[in-house]
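1. Task: produce atomic coordinates for the following.
(one chain, ligands or ions: 2)
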Amino acid sequence: MDNGLVTIPGRYIKPPSHRAVKHLIIPGVEIPVIDMAALESDREKFVQTLCKASSEWGIFQVLIFLLREFICSQLRKIIFKIFYFLFKEKMKYYTEEVFVPVRYCMSMTPSQETHMEWHDHFQHYFSNREKEHPWPKKPACYKLMSALSEGLGLDSNRLVKSFGDSEMILRSNYYLPCPNPDLALGMNGHTDSGGLTILFEDQVGGLQARKGDLWYDLKPIKNAFIVNIADQLEILSNGKYKSIEHRVLVQPDQTRLSIVAFCNPSRDAVIGPLPELIDEQNPPLYKSTLYQEHITNVYTKYLDGKHSQKLQIK
Ligand SMILES: O=C(O)CCC(=O)C(=O)O
Ligand SMILES: [Fe+2]
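-> Ligands and ions are numbered 1, 2, ... in the order given. As a prediction, this is how the structure comes out:
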């Protein structure tokens, strides 16, 4: 882009069947908004609202004022600087591996893709198994996970326990202005393969969530994080919470930045519908699966930009 590119390189052009179709997009949607302050003031109501948003949408906005101020003023600037590094510097971290301490990559797995996604990203992987890159025992999404457990009628620590030694991927996505935004996608439609995703985006917009055949254009709101249920939580909840498919469109004249925390189960965890949720009326909708195996499956599907593999392991 710095060299004055006027059309996108062929590898970024999506075939017509993969492009965003305008009449299937619902503009300016506001997904449910949940204020973390209510967790202290009225826990029961908080749990109810969270549970409803996770079942009906699988994606919602969360207000956490202090943290957001910090992220706005500091983190965004720092991450922009990292993307401004010389290409040669960034390439020192280039890899297609996921479970490495630091990764820089374009698209997802360029060597296996015919049509790339219009973004670059830096990714950090944290796990208590890795001595060099440990993460605190409690997952970053601990409070939300506790409330989500209660929403299933279970002990507040039940979901966290099922994650085992939880892991985390912290990822910054950088979407440059695109000279042909209608021919490309910033990120293909996918569901997140892990547990719970917490996303911070700037005010540029472009994130869309899918319900049926329609794509809902999610309007960024100030002072909010976006949280979405990912595949492993859908499976643990036996389908009560929905892992929603989402994608990102690109803009002709604006750079977009998103910072995403994927709060995931341990890769050793065996994930299946929680036995407490199963009875004659509620048979298991998913088979138990090793999380590690599952992520491989989902990852392959993810590259096709189709529904995730979880629908096939039923
Ligand atoms: O950039 C965004 O808003 C979405 C990013 C995303 O879906 C992902 O990294 O999995
Ligand atoms: Fe995602």
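2. Would you mind listing the residues in contact with residue 176?
-> Contacts for residue 176 (CB atoms under 8 Å, 6 or more residues apart in numbering) come out as 1, 118-120, 250, 255. Just so you know, the C-beta spots here come from the backbone N, C-alpha and C atoms, and that holds for glycine as well.
3. Where strands are concerned, which of these count?
-> Among the contacts of residue 176, DSSP state E puts residue 120 in strands.
4. Going by neighbour count, which of the contacts of residue 176 comes out on top?
-> Using other CB atoms under 10 Å as the neighbour criterion, residue 250 leads those with 28 neighbours.
5. Help me confirm that it comes into contact with residue 174.
-> No - the pair residue 250 and residue 174 fails to qualify as a contact (CB atoms under 8 Å) at a distance of 11.2 Å.
6. Tell me how far residue 288 lies from residue 162.
-> If you measure residue 288 against residue 162 using CB to CB, to the nearest Å, the figure is 11 Å.
7. neighbour-wise, which of the two wins?
-> Ranked by neighbour count (other CB under 10 Å), residue 288 and residue 162 place residue 162 first, with 22 against 12.
8. list residues touching both of residue 250 and residue 174?
-> With the criterion set as CB under 8 Å, 6+ apart, the overlap between the contacts of residue 250 and residue 174 is 119, 256.
9. my read: residue 252 touches residue 179, true?
-> Yes - at 7.0 Å, residue 252 and residue 179 qualify as touching, with contact defined as CB under 8 Å.
10. Most distant residue from the centre of the chain?
-> In the chain, residue 280 marks the outermost C-alpha relative to the chain mean, sitting 33.1 Å out by CA atoms, centre = their mean.
11. Phi first, then psi, for residue 99.
-> Note on residue 99: its backbone torsions stand at phi -90, psi 60 [degrees, to the nearest 10].
12. count of neighbours near it?
-> Residue 99: 14 surrounding residues under other CB under 10 Å.
13. who are the neighbours in contact with it?
-> By CB under 8 Å, 6+ apart, the residues touching residue 99 are 125, 127, 267.
14. same thing but 7 Å
-> Counting by CB atoms under 7 Å, 6 or more residues apart in numbering, residue 99 makes contact with residue 125.
15. Flag every residue of the stretch 51-200 of the chain that's near ligand 1.
-> Listed as neighbours of ligand 1 in the stretch 51-200 of the chain under the rule CB under 6 Å from any ligand atom: 171, 173, 187, 192, 199.
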